[in-house]
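**Q** Predicted model follows, preceded by the sequence.
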Amino acid sequence: MKFNPYKTSAIILIIIVMGGLVLFAADQNYQPRALEKTFGIQESPVVPNNWKFHTIGALWNRVTNFSYLGDDAYQNRTPSCDYPGGSGNSYLYRGTLWLHGFVDGVFHSSMGEDKEFSPLDSVYLDTLSIRADQETYTRYYDVYAPGASGHFPLGLKVIERTYAWSASYAGDFIIYEYTIKNVGIDTDGDYYPDTPRDIQNFYFGVRMDGDVSKLPTWGAEDKYSNQDDWVMCNSQWDWLERTPQMAGYDHGLTAEDADSNMVFMLDYDNPYYPSEYIVDGVAVKDDMGNPGVDGVLQSPGFLGIKILKTEPEMKPSSFHICHIYNDPATDQETWDRMIGVSEFEDISIYPGGGGAAYPAHDYRGIFTIGPLANFSTGDSIVVTMALGVGSDPDSGGIYSMVKLVQIMKVAQFIVDNDYVLAVDPPKAPTVSVSNYVINGVTEGVTLTWDNLAEDNTYFQFYKVSKGTKGTGGVVWQTLATYYDTLGSASWPPPAGSNSGTYQLIDSDITNGLVYHYSVQAFTEVINDPIPLGQASTQLTDQKSYRVISPSNPVATESLDRVKVVPNPYIGSARWNNPAPSDNFPWKHRLQFTNLPSDAKIKIFTLDGDYVAEIKANQSVVVGEEFNISSPSVAEWDLMTRNNQEAAPGIYMYVLDSPSLGQKVGKFVIVR
């Protein structure tokens, strides 16, 4: 917005806006000003694209101010239904709103992926919400859409709120609440609605284009990312017995669990390609679940969307399937193929399994509720839905489908009970990690955590986990469990140095490698007021999750212990990044260790050519949630000062320290 600089009203407006932003963090009922002309404003109310992130539960996702769910970027992608959070394992390419209706007997649509919604506000992230651990708020409309081509506006403004939780039983989904208001259209060209226009037979829809799943190392258009995903509507269960990987299991799902308000996508088979799963050097055809080369399932989960509540009530109308080659191109085609045909399509015929098989494509599902007969100017509609991933990380398949049904029941319970959680989760332990030093040498890592989780009525045990990064993200193992149960030999955990704390020393470490640690608090099995299973804090909770690269203390007396690690350097060593990507772009790590904190190191070829300079407390690792640099370590990424990879060979280094002097040495690079 632009204001006359000679009028004091601009100053007044700035004060009002700043005050409003402060109020939003403290007042759940904060409402930005209505879409109206004030202070002589004549320019468009459209603001730049903006987004925030939910990163507290097991599901991490980007929230935008232009109707997109997730992040469809081909490079430098941010969380887009990443599950588990922090893994970079994305389940969603893009989700968007589809809003439709008839104006004077003619059908029209406003669709997010066609850029037919424009942002009216930034995305505000509220961590003091009375409804959730995190809440977002934003607004957008279709009255003026400069990024769209040939758009016919319906005259709708959308207020979007999202809610996310850290509790394990509520951390696999995010709830979206859309308040859609008929604000009229703009007829005088100032981009503000000024003319009422009623809509007949209004439909609310959502388009889900999932890539189940997509690791950071895979391309956006990839046979593993988007060419083997199938989409379904949960209106019946007979498809399970027609699908070889699903058939024959005692899953316990009932007819009541089959809900046409829910659609989902799963990682299925592309019969034209072997999978990325390699066993004994042979690619396995059946890639449902996307196991990695280490046998760990990368995408055993189901991506799902479920309508939880509508005001006024609108019932499921249709579910249709399209793919990258046959998306509807016009409003009329959208009506003829996707909205006007009130049926629920079925994609579950197994390729090669008999009958008419669906070929492998980049599928997406179009889910629609409605119609609302009359949507008059000034009226509002509220639609609440959940976006989630149901995952059984050990078994996948039908067990992940059961998990998706379970988490959507929890989401329904939360909405039906006015956003009151079924059970208060344990408090996440606050964890710290440090080097465990004996006689000036780091011999392990010390984990310390508090005991506040035990205040929870249902608390039962702690689980301490350790992870290292593999090709598909962090691979976790359990270091210890401590059960607070009658007769337990593991209780209490070893006491920490401060009252009310515990500690564990992990001696199975190699200095210089990167380790991930987490302490989770678990409850007993909870079945009242609804079956929740065993609630726990999140593995990657910001309080409980820490990353460290162990190192010796800084040198204070001499340079005698300075080392180059590893020497010789081998490109295939586990020291390096096993899967460089946009989010984790670094490749190589060569460390100079046991340094004084003021050390500077210059690197040369044997011919004396200057190659690079590094300093103590410098790390090449990029993309971790935490800083892993150490004052006794300088790291080199093997990139020369001309931004070229250093060639194999013998190199010299000259270490200068104002406090301890100079040291000259050699090291070898082997590719």
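**A** Structure's in. What do you need?
**Q** how is this protein carved up into domains?
**A** Using automatic domain parsing, the domain parsing of the chain gives 31-416, 436-548, 563-670.
**Q** Return the distance of residue 373 relative to residue 300.
**A** Residue 373 sits 43 Å away from residue 300, going by CB to CB, to the nearest Å. From N, CA and C alone the C-beta is placed, and that goes for glycine too.
**Q** same question, residue 51
**A** 28 Å.
**Q** Now distance to residue 428, mean neighbour count and mean pLDDT too, for the domains of the chain, in TSV please.
**A** Rendered in TSV, the data for the domains of the chain read as follows (distance: least, CB to CB, whole Å; neighbours: other CB atoms under 10 Å; pLDDT from 0 to 100):
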stretch	distance to residue 428	mean neighbour count	mean pLDDT
domain 31-416	7	19	86
domain 436-548	4	17	93
domain 563-670	15	17	91
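**Q** And the helices in the protein, which stretches?
**A** 9-26, 238-241, 331-334, 398-416 (DSSP state H).
**Q** picking that back up, as a markdown table, the domains of the chain with distance to residue 555 would be great.
**A** Output for the domains of the chain, formatted as a markdown table (distance: least, CB to CB, whole Å):
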| stretch | distance to residue 555 |
| --- | --- |
| domain 31-416 | 34 |
| domain 436-548 | 9 |
| domain 563-670 | 5 |
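**Q** nearest to residue 556, of the ones you listed?
**A** Among the domains of the chain, domain 563-670 comes nearest to residue 556, with 6.9 Å by CB to CB.
**Q** next one: the closest one to chain centre, how far?
**A** 32 Å (CA atoms, centre = their mean, to the nearest Å).
**Q** Please renumber the chain so that the first residue is 885 from this point on.
**A** Let's use 885 as the start, then, which means that last one is domain 1447-1554.
**Q** between the domains of the chain, which gets nearest to residue 1438?
**A** domain 1447-1554 (4.3 Å).
**Q** end-to-end on the closest one?
**A** 17 Å (CA to CA, to the nearest Å).
**Q** next one: stretch 1482-1493
**A** 24 Å.
**Q** Partner strands of the strand of greatest length in the chain, with direction?
**A** Longest strand in the chain, counting residues (DSSP state E): strand 1083-1098. Note on strand 1083-1098: by DSSP bridges, its sheet partners are strand 974-987 (antiparallel), strand 1247-1259 (antiparallel).
**Q** Now render the ones you listed as CSV, adding distance to residue 1152.
**A** Output for those, formatted as CSV (distance: least, CB to CB, whole Å):
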stretch, distance to residue 1152
strand 974-987, 14
strand 1247-1259, 9
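**Q** Which of the ones you listed sits closest to residue 1395?
**A** Residue 1395 lies closest, by CB to CB, to one member of those: strand 974-987, at 33.1 Å.
**Q** next one: the closest one to chain centre, how far?
**A** Chain-centre distance of strand 974-987: 19 Å, with CA atoms, centre = their mean.
**Q** Also stretch 1374-1384?
**A** Offset of stretch 1374-1384 from its chain centre (CA atoms, centre = their mean): 34 Å.
**Q** do the same with stretch 1049-1060
**A** Stretch 1049-1060 has its C-alpha centroid displaced from the chain centroid by 12 Å (CA atoms, centre = their mean).
**Q** So for that stretch, first residue to last residue, what's the gap.
**A** From start residue to end residue, stretch 1049-1060 stretches across 13 Å - CA to CA.
**Q** and if you look at stretch 1047-1063?
**A** 14 Å.
**Q** What of stretch 1407-1416?
**A** Terminal residues of stretch 1407-1416 are spaced 10 Å apart (CA to CA).
**Q** Which residues does residue 1023 form beta bridges with?
**A** Per DSSP bridges, the residues bridged to residue 1023 are residue 1043.
**Q** Now do the contacts for it.
**A** Neighbouring residues of residue 1023 by CB atoms under 8 Å, 6 or more residues apart in numbering: 916, 949, 1003-1005, 1041-1044.
**Q** I'd like to know which of these is nearest to residue 1530.
**A** The closest of the contacts of residue 1023, once distances to residue 1530 are taken by CB to CB, is residue 949, at 44.4 Å.
**Q** Residue 995 versus the closest one, what's the distance?
**A** 16 Å.
**Q** Looks like residue 1317 contacts residue 1401 (just checking).
**A** Yes. Using CB atoms under 8 Å, residue 1317 is in contact with residue 1401, at 5.6 Å.
**Q** Return every residue with contacts to both of those two.
**A** 1329, 1331, 1430-1432.
**Q** quick one on the thing from earlier: to residue 1358, which of the strands paired with strand 1083-1098 lies closest?
**A** So among those, strand 974-987 is nearest, using CB to CB, at 15.3 Å.
**Q** Dump the C-alpha coordinates for that closest one into PDB.
**A** Only the C-alpha atoms of strand 974-987 are listed here, as PDB (Å, rounded to 0.1, in the frame of the first residue of the first chain):
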ATOM      1  CA  SER A 974       8.200 -35.400   1.400                       C
ATOM      2  CA  TYR A 975       4.700 -36.800   0.800                       C
ATOM      3  CA  LEU A 976       3.100 -33.800  -0.900                       C
ATOM      4  CA  TYR A 977       3.900 -32.000  -4.100                       C
ATOM      5  CA  ARG A 978       1.100 -29.500  -3.900                       C
ATOM      6  CA  GLY A 979      -2.400 -29.200  -2.500                       C
ATOM      7  CA  THR A 980      -4.800 -26.400  -3.500                       C
ATOM      8  CA  LEU A 981      -8.300 -25.200  -3.000                       C
ATOM      9  CA  TRP A 982     -10.900 -25.600  -5.800                       C
ATOM     10  CA  LEU A 983     -13.900 -23.400  -5.300                       C
ATOM     11  CA  HIS A 984     -16.800 -23.500  -7.800                       C
ATOM     12  CA  GLY A 985     -20.200 -22.100  -8.400                       C
ATOM     13  CA  PHE A 986     -22.700 -20.900 -11.000                       C
ATOM     14  CA  VAL A 987     -23.200 -17.200 -11.800                       C
END
